[in-house]
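S.K.: what's the 3D shape of this:
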Amino acid sequence: MADASSKSRVYAAADKISAERSPTISTVRELAGVSNADATRYLKEWRDDRLAAAGKIAAAPPSVTELAARMAGTVWAEAAAAADARHAEVEKAWSGERDNKDREIQELARELDRLTAELKSEKESALRRLDECAATAEGRAREITALAAELAAATAAANSLTTDLATARATVDTLRATQDALIARISPESPATPEEAVTDS
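M.R.: Numbers count the residues shown, from 1 in each chain. Next up, the predicted model:
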């Protein structure tokens, strides 16, 4: 009798708790006021009974079955039509988006080609200018080298002329001195005056 009372209390507690949440051993035990063993045993039986009851489906009359089939067919047809329409809309939107993306990609590809061509042209132009500058620099370097050589030669020639001029001036001075000495040596002595003659006697 006690078992029947415990079972009924556990079933009642489980029904009440299941209205709000899933019953557990502890919640059933507290609400039913039974032992942990009874709560475990009868809660398992309660769950088994509920599963068994859910699995029992009464056979429907043919008219109900036919009506259900027609309704199911109608619902399925409407769902299929709605799905097809939605699929068509999505496919159309996706196709438009894909076309837009394709155009954007093509535009980006053209822009990339244009920028690549410009970069190549600028690079080639820069290389040509660099070659021209290098050639100009080499020419200027050769000119500077030639001018430096000419300047060195002119400086050497000027130094040589300066030396030759100094030598020539020294030679002229020597020749003048020699000439003056010779002139002095070959010039006749001046005659003595009467006063010099009296004095000498």
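S.K.: contacts and neighbour counts: CA atoms only from here.
M.R.: Will do.
S.K.: how far away is residue 68 from residue 171?
M.R.: Using CA to CA, to the nearest Å, one obtains 148 Å as the distance from residue 68 to residue 171.
S.K.: would you map the helices across the chain?
M.R.: Counting by DSSP state H, the chain has these helices, from start to end: 2-18, 25-32, 36-55, 62-186, 194-200.
S.K.: got the ones you listed as JSON lines, with mean neighbour count and mean pLDDT columns?
M.R.: Shown next, in JSON lines, are the helices of the chain (neighbours: other CA atoms under 10 Å; pLDDT from 0 to 100):
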{"stretch": "helix 2-18", "mean neighbour count": "17", "mean pLDDT": "90"}
{"stretch": "helix 25-32", "mean neighbour count": "18", "mean pLDDT": "96"}
{"stretch": "helix 36-55", "mean neighbour count": "14", "mean pLDDT": "94"}
{"stretch": "helix 62-186", "mean neighbour count": "12", "mean pLDDT": "89"}
{"stretch": "helix 194-200", "mean neighbour count": "9", "mean pLDDT": "50"}
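S.K.: next, work out how far apart residue 69 and residue 76 are.
M.R.: Using CA to CA, one obtains 10 Å as the distance from residue 69 to residue 76.
S.K.: one more: residue 140?
M.R.: As defined by CA to CA, residue 140 lies at a distance of 92 Å from residue 76.
S.K.: what of residue 114?
M.R.: Taking CA to CA, one finds residue 114 at 55 Å from residue 76.
S.K.: what of residue 42?
M.R.: Counting by CA to CA, the gap from residue 42 to residue 76 is 43 Å.
S.K.: got it, and residue 149?
M.R.: Plainly put, residue 149 is 105 Å away from residue 76 if you go by CA to CA.
S.K.: now residue 178
M.R.: As for residue 178, its distance to residue 76 is 147 Å (criterion: CA to CA).
S.K.: and the residue positioned nearest the centre of the chain, how far from residue 77?
M.R.: With distances taken as CA atoms, centre = their mean, the residue of the chain nearest its centroid is residue 112 (15.9 Å). Taking CA to CA as the measure, residue 112 falls 51 Å from residue 77.
S.K.: what are the structural domain limits within this protein?
M.R.: Recorded structural domains for the chain (assignment: automatic domain parsing) are 1-54, 82-183.
S.K.: can you redo these as JSON lines with distance to residue 63?
M.R.: Below are these laid out as JSON lines (distance: least, CA to CA, whole Å):
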{"stretch": "domain 1-54", "distance to residue 63": "23"}
{"stretch": "domain 82-183", "distance to residue 63": "28"}
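S.K.: which of those sits closest to residue 62?
M.R.: Within these, the stretch nearest residue 62 is domain 1-54; the backing value is 22.0 Å (CA to CA).
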